[in-house]
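Colleague: Give me coordinates for this.
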Amino acid sequence: MRRQFKGRFTNVKKNELFIALNNGEVIEGQKFSFKEKNFVKLICPEEPNKEVAILCLHCHTPLSADSTSSLYYLRGMSETSTGTVSKETPTIYEFLPDRRQLSAHVHNYVASLKPEFCQFVIHHIRTYGGCFTVDMTPGKKSEFLGTTVHFFDENWNLLSYPLNVVPYNDSMDSGTLLKNFIESMLAMGFNQEDLRLVIYVTDEGSNIVRALAGYERINCACHMVNVVGKHTITPYSEKFLPGELDEVTRNRLLNIENTVNMQSKIVTSVNSCPHLKHNLGTFLIKEHEIRWLSRLKSVERFISLNPKQMEMITKETSDNRECQTALNTVRVDWDILENVVEVLQPMEHATRTLEGDKAPSLNKVLPEYQTLRNHFDKFKLSSNANKKAMGQAGGAALKHKWGHVTTKYHILALMLDPLRKNELLNISGIDIKE
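Modeller: Predicted coordinates for the structure are as follows:
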């Protein structure tokens, strides 16, 4: 047997090792002891210097050849006590802990700090109030709902900490979601009253909205900016928002969306070709649904390509018919991509302003949304048909979200900002007296 057993010793590995030992494929080598326990190195007859595994002679428990910490400590102690030191130069891997040891250490360390941390958070929530941002975190095989807590301390410092993570999947109903969330919070020391002291900030997912229906909740302003950006090119359906866009505008937007989709196909083709991706000199960004304004960033990066880079893409993808078709479409409608960047660009500024976690941003939501409304109103009057269509679609999407950014919390946050409170006078559709 030339195999060296590493990592966790599963039952399958144990059986394989003992069969090899009985068959003579593995034999006993040097023995060593520590604290009244004796161990033996299991080696290959053909390669006596190759250690296959280690066996405890008391309980016959096999240990992997790359076991670290305790195992190599035992070896070192044995060699020191017998006066025999291995001539082989040890590798760094013989002294580093393996994944299991690291994982256990991290879990134990976090568990030891958790009670004190929870009491620290609960004290501040009960004393000063706070906010929970709740968002879904996609995983490889499962999804999780993560919660981050935000609050001020006695010195008016804004503090933010990841609080907990609970399993989540799309098939989970709102009742089960709420139950799991509350149970995880109660386990940390919160009580039901504490959970009603905070304001929850979430996206517009139907499950989380229904789950928190009995709590104070507001929509994430950045998430809504991203949704508005999406529906500036791909408008809400006539059934969802009737009467907002005429058929001519919708057909124009369909052409714009097709051009953007062609650009996306080119990006996919480039990124799937390692040689071209490396030699291009510019990393092209692929649009991703869960990344804020990824469509804008993708188009923006793409139109920064120079003629030489476009020629390289054309040459390297000459056998890709779909990519060549997309390239022909994009060359003809290059101005459409430039129009898309021009219309969507201010949304990136709004997102950057509102997503910051170093200072409160609730007081900035209304002014930023008013700026976007003015931006779309300007393009509604544009002589460029593409810009005008996107201005109308973006304005309709923003109008649909307007009620979510004019809540009492948004208005009060702006009114209590001494430097910006007068901006309320420039925001239409709000009755300050009310």
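Colleague: Flag the shaky bits of the protein, pLDDT-wise.
Modeller: 1-3, 7-8, 34-36, 66-97, 138-142, 428-434 (pLDDT under 70).
Colleague: So the residue nearest the centre of it versus Cys220, what's the distance?
Modeller: With distances taken as Cα atoms, centre = their mean, the chain has Thr137 as the residue nearest its mean C-alpha position (5.9 Å). Per Cβ to Cβ, to the nearest Å, Thr137 is found 14 Å from Cys220. Backbone N, C-alpha and C define where each C-beta goes, glycine included.
Colleague: Which elements pack onto the helix or strand where Gln263 lies?
Modeller: Applying DSSP states H and E as the criterion places Gln263 in helix 247-271. Using 3 or more Cβ pairs under 8 Å, 6 or more residues apart in numbering; DSSP states H and E, the elements in contact with helix 247-271 are helix 221-233, helix 274-280, helix 294-302, helix 307-316, helix 321-332, helix 334-355, helix 385-401.
Colleague: If you count neighbours, what's buried in stretch 32-46?
Modeller: Phe32, Phe34, Phe39, Val40, Lys41, Leu42, Ile43, Cys44 (16 or more other Cβ atoms under 10 Å).
Colleague: What about those, which are in strands?
Modeller: Counting by DSSP state E, the part of the buried residues of stretch 32-46 found in strands is Phe32, Phe34, Phe39, Val40, Lys41, Leu42, Ile43.
Colleague: Farthest pair within these?
Modeller: For these, with distances taken as Cβ to Cβ, the pair at the greatest spread is Phe34 and Ile43 (19.3 Å).
Colleague: I'd say Cys222 and Thr351 touch.
Modeller: Yes. With contacts counted by Cβ atoms under 8 Å, Cys222 reaches Thr351, the gap being 5.2 Å.
Colleague: which residues are in contact with both of these two?
Modeller: Trp292 (Cβ atoms under 8 Å, 6 or more residues apart in numbering).
Colleague: More neighbours: which of the two?
Modeller: Cys222 (23 against 20; other Cβ atoms under 10 Å).
Colleague: residues contacting the more buried one?
Modeller: Trp292, Thr351, Leu354, Glu355.
Colleague: Distance-wise, check it relative to His375.
Modeller: 17 Å.
Colleague: what's the answer for Val340, then?
Modeller: Counting by Cβ to Cβ, the gap from Val340 to His375 is 14 Å.
Colleague: With neighbour numbers in mind, choose between the two.
Modeller: Val340 (27 against 19).
Colleague: right, and the more buried one touches Glu257 too?
Modeller: No. Contact criterion Cβ under 8 Å: Val340 and Glu257 do not qualify, at 9.7 Å.
Colleague: Overlap in contacts, these two.
Modeller: Contacts common to Val340 and Glu257, judged by Cβ under 8 Å, 6+ apart, are Ile233.
Colleague: Mind telling me what element the nearest residue to Tyr215 once chain neighbours are set aside is part of?
Modeller: Leaving out its chain neighbours, the residue that sits closest to Tyr215 by Cβ to Cβ, 6 or more residues apart in numbering is Tyr200, at 5.6 Å. Tyr200 belongs to strand 198-202 when assigned by DSSP H and E.
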